[in-house]
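Visitor: Okay, here's the prediction I keep looking at, along with the sequence it came from:
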Amino acid sequence: MPQINHPAHTLLDTFDGFQVHVDAVRARADIVLERPPFNIISMPERDQLRLVFEALDADDRVRVIVLRAVGDHFSSGGDIKGFLEASPEHVSKLAWNIAAPARCAKPVIAANRGYCFGVGFEISLACDFRLVTDTTQYALPEQKLGQIPGSGGSARLQKMVGITRTKDVVMRSRRISGQQAYDWGIATEIVPNGELEAATDRLVAELVGFSPLAQRTAKKLLSDTEDASLSASIELEGHCYSRLRSSDDFREGVEAFHGKRAPTFRGS
């Protein structure tokens, strides 16, 4: 369990449907959905996941966060009965909780195999990288329940693939295969099902090798400029570049390049 310094840490005494593992040597943390066989995500679990992402974002031992699951399926979605039992105020917080990976300053990887439906798809869309396999199926099936996605799924998907494809997926509750997700630009990489863990390990190791300061800056810049004009995006990019210009990590990167050695970044 991570060292949590958060005002609501007492809510995390017992994890509801998931576990957390921190590997300080590899500078990674894994949030593992663990309610087999379909890893349904309960309403209380959504609150806990948000708090865990916030805690791990503040944990100096962690450079990269991985969201994955046990078994053959990432998650078939949320606890349907829980929606009827939750208060309107609680339901109004769904999108904020599921956006926790996007708010993290650190890179977040979603490793998706099998069913990745509803909130399982939505929280994966809020991550920075999505690794899929030939078994992966993405879907937003809420229309079958007389509802629409409520945790940012349709909005994030539309930003990635456009309105025509999003209407096709949302309004028809249509499933997207792992290959199609990769072809459409939803998935970062597609690998054989048995190689998902190895692919995740490789991506973590690659990300850890970069400057943490430069990575945090890149993630925030790209997120902040997603809806901005080209001129505003270029202006903000220039300001971020200028700030990094005086960082210790940039100096180390330049000196390592000229010295033909691997850089040692410290995040300052």
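Guide: Everything's here; your move.
Visitor: Pull the distance from stretch 108-117 to the chain's centre.
Guide: How far stretch 108-117 lies from its chain's middle: 10 Å, per CA atoms, centre = their mean, to the nearest Å.
Visitor: Okay, buried residues for it please.
Guide: Applying a neighbour-count criterion of 16 or more other CB atoms under 10 Å, one finds Val108, Ile109, Ala110, Ala111, Asn112, Arg113, Gly114, Tyr115, Cys116, Phe117 buried in stretch 108-117. To be clear about C-beta, it is placed using only N, CA and C from the backbone, and glycine gets the same treatment.
Visitor: Look up phi and psi at the second one.
Guide: When read as degrees, to the nearest 10, the backbone of Ile109 gives phi -110, psi 130.
Visitor: Which positions are bridged to it in the beta structure?
Guide: Note on Ile109: beta-bridge partners by DSSP bridges are Val66, Phe129.
Visitor: Could I get the buried residue list for stretch 36-46?
Guide: So for stretch 36-46, counting by 16+ other CB under 10 Å, buried means Phe38, Asn39, Ile40, Ile41, Ser42, Met43, Pro44, Glu45, Arg46.
Visitor: per-residue confidence at Asp79?
Guide: Asp79 carries a pLDDT value of 87.
Visitor: which regions of this protein lie under the pLDDT threshold?
Guide: Applying pLDDT under 70 to the chain flags residues 1-13, 82-92.
Visitor: Distance check, Ser124 against Ala214.
Guide: 25 Å (CB to CB, to the nearest Å).
Visitor: more neighbours, these two?
Guide: Ser124 (30 against 17; other CB atoms under 10 Å).
Visitor: Quick check: that one is in a helix.
Guide: Yes. The assignment for Ser124 is a helix, going by DSSP: H, G, I helix; E, B strand; the rest coil.
Visitor: What about the buried residues of stretch 108-117, which are in strands?
Guide: Judged by DSSP state E, the subset of these located in strands is Val108, Ile109, Ala110, Ala111, Asn112, Tyr115, Cys116, Phe117.
Visitor: Please tabulate those residues in TSV, including the columns distance to Ile163.
Guide: Listed next are those as TSV, based on distance: CB to CB, whole Å:
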residue	distance to Ile163
Val108	26
Ile109	27
Ala110	24
Ala111	28
Asn112	24
Tyr115	25
Cys116	22
Phe117	21
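Visitor: Near Asp227, how many other residues are there?
Guide: 9.
Visitor: The one 5 residues further on too?
Guide: Ala232 is flanked by 12 other residues according to other CB under 10 Å.
Visitor: Walking through the stretch 101-250 of the chain, point out its strands one by one.
Guide: Using DSSP state E, counting those that start in this stretch, the strands of the stretch 101-250 of the chain run over residues 108-112, 115-117, 129-133, 137-139, 176-177, 189-191.
Visitor: Adding distance to Phe210, write the ones you listed out as TSV.
Guide: What follows is the strands of the stretch 101-250 of the chain, written out as TSV (distance: least, CB to CB, whole Å):
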stretch	distance to Phe210
strand 108-112	14
strand 115-117	27
strand 129-133	13
strand 137-139	28
strand 176-177	30
strand 189-191	17
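Visitor: Ala105 versus Leu213, what's the distance?
Guide: Distance, Leu213 to Ala105, by CB to CB: 10 Å.
Visitor: Look at these two and report which has more neighbours.
Guide: More crowded of Leu213 and Ala105, by other CB under 10 Å: Leu213, with 18 against 13.
Visitor: Would you agree that one is in contact with Gly267?
Guide: Yes. With contacts counted by CB atoms under 8 Å, Leu213 reaches Gly267, the gap being 5.0 Å.
Visitor: any common contacting residues for the two?
Guide: Applying CB atoms under 8 Å, 6 or more residues apart in numbering, one finds that Leu213 and Gly267 are jointly contacted by Asp249.
Visitor: To Phe257, which of the strands of the stretch 101-250 of the chain lies closest?
Guide: strand 129-133 (25.6 Å; CB to CB).
Visitor: now that closest one and strand 108-112, what's the angle there?
Guide: If you take axes from the mean of the first three to the mean of the last three CA atoms, to 10 degrees, strand 129-133 sits at 20 degrees to strand 108-112.
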